[in-house]
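Asker: I'll drop the sequence and a predicted model, then ask my questions.
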Amino acid sequence: INECDTKLAKCPQNSECHNTIGSYACSCNKGFRPENSNCVPMLAEVQTTQVSDQKKQSSCDQMGKKEQFIYCTFKNDCDKKSDCIYDLHSRNYTCKCWPGYFGNGFKCYSWNFC
């Protein structure tokens, strides 16, 4: 079944649906980047960063190169205060804490300790 051709796919505004084996994935359109399960305009350059498990996070520039990382649409172990990012090439996912939170993505903690 191609979820992208049905109403099963729930991709955010400014994104494109990609059919995968048994599921689907969403990627942000040119000029947009993933943030908090949405696709937001790219305002500045985003540098490639490394996470503890050595998987690369997204890399894009202001000119709007196509993202190679997209949001997960399947059950995963990411913290509820993080985004699950799926790599189409390696077919693996990693978790990234939302802005204002820190951690490895599987556990995210607030910077606000009050």
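Answerer: On my side now, so go ahead. Numbering: from 1, shown residues only.
Asker: give the next helix or strand downstream of the lowest-mean-pLDDT helix or strand in the chain.
Answerer: Ranked by mean pLDDT, DSSP states H and E, the weakest helix or strand in the chain is strand 69-71, scoring a mean of 67. Using DSSP states H and E, the helix or strand that follows strand 69-71 in sequence is strand 82-87.
Asker: so what's the residue nearest to residue 76 when sequence neighbours are not counted up against?
Answerer: Nearest residue to residue 76 in three dimensions, chain neighbours excluded: residue 84, at 4.7 Å (Cβ to Cβ, 6 or more residues apart in numbering). (Each C-beta comes from the backbone N, C-alpha and C, glycine too.) Taking Cβ atoms under 8 Å, 6 or more residues apart in numbering as the criterion, residue 84 is in contact with 71-72, 76, 78, 93-95.
Asker: what separation is there between residue 84 and residue 98?
Answerer: 12 Å (Cβ to Cβ, to the nearest Å).
Asker: how about residue 78?
Answerer: 11 Å.
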